[in-house]
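Trainee: Quick one, what's the 3D model for this:
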Amino acid sequence: MRGLILPAEGKIRRRHHSKQHWMENHNVMALLLLLVMLSTYFGSCYAVSSSSEAPSVSSKPPSPKPSPRSKPSKHHSAAPSPAPKPSSQHHHHPSSGGPSAARSTAPAPAKASSHEPVKNGTLDPSQVKALQSLGVIVGTDPCNTDVQQLLICDGHGPLRHLISLQLEYCSSNAQLSKAALGSLGTLQSLAFLDCPMKVTPVPQKLADSLETFSCTKSLGRTEDNGDLPGLSGDWLSKLHGLKELKVADVVVNASGIGAVLGNMSKLQQVTFSNTNISGTLPKSWPGGLAVLQISQSMLKGSLPTSISSLRQLQSLDLSFNNLTGRIPNGIGGLGNLQTLSLSSNKLSGAIPASFKNLTLLSYLDLSDNHLNGTVPAFIGNIKGLRYLDLRNNKFHGVLPFSTAFVKNLNTFKVGANPDLCFNASILSSTISGGAQPCDSKGRPSKGNADSPAYAPDEFAGSPEPSAEVEQQHHHKRKGPKTVVFAVSIALASLVLVIIIAVVLSRWCASRN
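Mentor: Down below sits the predicted model:
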């Protein structure tokens with residue numbers, strides 16, 4: 001009977017094997033379910049990390065190279081212009097086909113085929129031809145400001161005409177021909193940015209119509225284009241109808257600033273920056289000037305008293321030149337002045353007493369000169385003053401400012417005046433602007449190094465971080481702590497799935 005299997009026993013054994021086989025199948029299914037869940041989880045993690053780490057394409061233009069003349073040092077701030085008008089300049093990537101004619105955020109107009117007639121809306125065909133000769137890609141509707149804003153047309157007549165044109169990052173083959181300029185006689189505003197092309201004589205019609213002219217790193221010798229001749233001051237002087245003139249980062253060949261501005265009786269704003277222009281300041285100026293900025297150049301001689309006649313002047317910046325002599329007392333009569341920067345010259349003497357009349361002043365920089373005398377107490381009565389820099393002069397005595405006045409400033413710098421000190425019972429060293437504390441005799445204490453300048457809002461107006469910086473911060477956030485946290489979540493999920501699988505298997509086994 002040992003080899004004989006009874007029917008009942010066979011049924012039991014078959015049922016046992018079936019039950020065991022069913023449980024094994026369920027264990028395999030649970031294991032497969034676990035593997036599917038794990039692969040899905042890690043696959044999604046990989047996809048998220050891959051998408052977050054993908055490099056972003058930046059539309060930021062290349063950073064400009066430093067100009068030929070050394071820029072102001074880090075401790076100098078550029079003197080702000082009062083109520084600046086919105087600029088029409090927009091930086092773009094250089095284009096090998098010519099100047100940029102559209103914002104980087106808008107699609108570039110399609111280039112017209114040389115075998116087909118140009119469809120340019122209602123723009124004057126002669127001006128279309130002039131733009132093409134300058135290397136500008138003219139689209140089907142160049143006057144459409146929704147596509148670009150570097151060309152602005154008028155809104156009159158069956159044919160529209162350009163009233164504003166800005167050329168940027170011109171190709172080396174672009175030519176500023178007399179014929180092209182002659183066709184653009186309706187322009188009121190003309191701007192060049194990084195366009196190293198040679199100039200031709202200015203047509204009379206264009207000279208009469210232009211009201212705004214801007215030239216930055218263009219039309220002459222710059223750091224990047226040393227073989228070109230300098231921009232002719234005589235050429236600039238032909239633009240006699242200008243109200244606004246800006247020239248920056250290009251060598252200007254002129255006997256002096258007066259030779260350039262002499263015929264421009266309508267001028268309201270003048271800016272020459274890093275132009276190497278030399279000579280003395282003129283004795284007469286256009287009477288309607290509101291902004292006069294000639295900085296980082298090679299002006300010499302004294303400040304003329306004629307500046308005192310500019311009653312509409314709101315901003316005066318003559319920093320980084322070689323001016324000598326005393327500050328004219330008449331500058332105190334410029335009652336509309338809001339910005340005054342005479343830093344980095346060789347001026348001497350005391351601060352004029354007439355400065356007490358500059359009640360609208362918000363920015364005063366007289367640093368890096370040879371000024372002497374005591375610091376006038378009336379400066380502390382200029383309620384709107386927010387920037388005060390008197391460093392590196394020869395001032396002496398005790399600072400006359402109260403704590404309330406200093407704390408109302410955004411920037412306060414008076415260091416590098418060896419004989420200047422502050423009263424420790426009135427000011428603390430943290431807001432002394434770099435001066436030394438006074439001893440019992442009202443002299444700077446010996447052996448005390450200059451305290452730091454007071455600039456609580458030095459970086460308050462800094463621009464928002466770029467996309468590049470944001471991406472760096474994003475990668476920094478994905479550091480070791482984040483990895484550990486992700487691994488912990490993965491392990492916890494794995495344990496949870498195993499527990500669920502075991503519980504399901506036992507539950508199924510118990511039912512059978």
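Trainee: Neighbours of the closest residue to residue 414 other than its chain neighbours, how many?
Mentor: In space, and not counting its chain neighbours, residue 414 is closest to residue 433: 4.2 Å by CB to CB, 6 or more residues apart in numbering. For glycine as for every other residue, the C-beta is placed from the backbone atoms N, C-alpha and C. Per other CB atoms under 10 Å, the neighbour tally for residue 433 reads 28.
Trainee: My guess is residue 433 contacts residue 417. True?
Mentor: No: with contact defined as CB atoms under 8 Å, residue 433 does not reach residue 417; the gap is 9.9 Å.
Trainee: in the stretch 301-450 of the chain, which spans are strands?
Mentor: Here the stretch 301-450 of the chain has its strands, by DSSP state E, counting those that start in this stretch, at 315-317, 322-326, 339-341, 346-349, 363-365, 370-374, 387-389, 394-398, 411-413, 419-422, 436-437.
Trainee: I'd like these written out as CSV, with distance to residue 169 and mean pLDDT added.
Mentor: Listed next are the strands of the stretch 301-450 of the chain as CSV, based on distance: least, CB to CB, whole Å; pLDDT from 0 to 100:
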stretch, distance to residue 169, mean pLDDT
strand 315-317, 28, 98
strand 322-326, 34, 97
strand 339-341, 31, 98
strand 346-349, 38, 97
strand 363-365, 33, 98
strand 370-374, 43, 97
strand 387-389, 34, 98
strand 394-398, 46, 96
strand 411-413, 35, 96
strand 419-422, 48, 94
strand 436-437, 50, 92
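Trainee: Reformat the ones you listed into TSV and put distance to residue 290 and mean neighbour count next to each item.
Mentor: Shown next, in TSV, are the strands of the stretch 301-450 of the chain (distance: least, CB to CB, whole Å; neighbours: other CB atoms under 10 Å):
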stretch	distance to residue 290	mean neighbour count
strand 315-317	7	24
strand 322-326	21	15
strand 339-341	11	24
strand 346-349	23	16
strand 363-365	15	24
strand 370-374	26	16
strand 387-389	20	24
strand 394-398	31	18
strand 411-413	24	23
strand 419-422	34	22
strand 436-437	40	20
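Trainee: now for those strands, which one comes closest to residue 303?
Mentor: strand 322-326 (6.1 Å; CB to CB).
Trainee: Would you mind pulling up the elements that the closest one packs against?
Mentor: With contacts defined as 3 or more CB pairs under 8 Å, 6 or more residues apart in numbering; DSSP states H and E, strand 322-326 has these neighbours: strand 298-302, strand 346-349.
Trainee: partners of the longest one in the sheet?
Mentor: On the basis of DSSP bridges, the sheet neighbours of strand 298-302 come out as strand 278-279 (parallel), strand 322-326 (parallel).
Trainee: Could you check the angle the last one makes with strand 370-374?
Mentor: Following axes from the mean of the first three to the mean of the last three CA atoms, to 10 degrees, one obtains 30 degrees for the angle between strand 322-326 and strand 370-374.
Trainee: any idea how far residue 360 is from residue 263?
Mentor: Applying CB to CB, to the nearest Å, the value for residue 360 to residue 263 is 31 Å.
Trainee: ugh, wrong one, residue 501
Mentor: 92 Å.
Trainee: swap in residue 285?
Mentor: Counting by CB to CB, the gap from residue 285 to residue 263 is 13 Å.
Trainee: Just want to know which of those two has more residues nearby.
Mentor: Neighbour count, other CB under 10 Å: between residue 285 and residue 263, residue 285 has more, with 21 against 16.
Trainee: mind listing what the spatially closest residue to residue 303 that is not a sequence neighbour touches?
Mentor: Spatial nearest neighbour of residue 303, chain neighbours left out: residue 328 (5.4 Å); criterion: CB to CB, 6+ apart. Residue 328 makes contact with 303, 304, 305, 307, 308, 352, according to CB atoms under 8 Å, 6 or more residues apart in numbering.
Trainee: quick one: which of these is most hemmed in?
Mentor: Neighbour-wise, the contacts of residue 328 (other CB under 10 Å) top out at residue 303, 23 neighbours.
Trainee: Am I right that that one is in contact with residue 329?
Mentor: No: using CB under 8 Å, residue 303 makes no contact with residue 329, being 10.6 Å away.
Trainee: where does the stretch 301-450 of the chain dip in pLDDT?
Mentor: For the stretch 301-450 of the chain, residues meeting the criterion pLDDT under 70 lie at 447-450.
Trainee: immediately after the helix or strand bottoming out on mean pLDDT in the chain, which helix or strand?
Mentor: Of all helical and strand segments in the chain, the minimum by mean pLDDT, DSSP states H and E falls on helix 467-477, at a mean of 42. Remark: after helix 467-477, the chain's next helix or strand is helix 480-511, criterion DSSP states H and E.
Trainee: List the buried residues for that following helix?
Mentor: 497, 501, 505 (16 or more other CB atoms under 10 Å).
Trainee: Against which helices or strands is that helix packed?
Mentor: Using 3+ CB pairs under 8 Å, 6+ apart: helix 480-511 touches helix 7-53.
Trainee: which is the next helix or strand following the helix it packs on?
Mentor: Toward the C-terminus, helix 7-53 is succeeded by helix 125-133 as the next helix or strand (DSSP H and E).
Trainee: what packs against that following helix?
Mentor: Applying 3+ CB pairs under 8 Å, 6+ apart, we find helix 125-133 packed against helix 178-183.
Trainee: got a list of contacts for the following helix or strand past the helix it packs on?
Mentor: Downstream of helix 178-183, the first helix or strand assigned by DSSP H and E is strand 189-193. For strand 189-193, contacts defined as CB under 8 Å, 6+ apart pick out 88-89, 91, 152, 163-170, 184, 210-219.
Trainee: ok, strand 189-193: who's next to it in the sheet?
Mentor: Strand pairing for strand 189-193, determined by DSSP bridges: strand 162-168 (parallel), strand 212-216 (parallel).
Trainee: Report the backbone C-alpha coordinates of the shortest one in PDB.
Mentor: In other words, strand 212-216. Extracted C-alpha coordinates of strand 212-216, given in PDB (Å, rounded to 0.1, in the frame of the first residue of the first chain):
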ATOM      1  CA  THR A 212      18.300 113.800 -31.300                       C
ATOM      2  CA  PHE A 213      21.600 112.200 -32.100                       C
ATOM      3  CA  SER A 214      23.300 109.400 -30.200                       C
ATOM      4  CA  CYS A 215      26.700 107.800 -31.100                       C
ATOM      5  CA  THR A 216      28.100 105.000 -28.800                       C
END
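Trainee: give the contact list for the nearest residue to residue 350 once chain neighbours are set aside.
Mentor: Among residues not flanking residue 350 along the chain, residue 373 sits closest, at 3.4 Å (CB to CB, 6+ apart). The contact partners of residue 373, by CB under 8 Å, 6+ apart, come to 349, 350, 351, 395, 396.
Trainee: Residue 198 is nearest to which of the strands paired with strand 298-302?
Mentor: Taking CB to CB, strand 278-279 is the member of the strands paired with strand 298-302 nearest to residue 198, at 22.8 Å.
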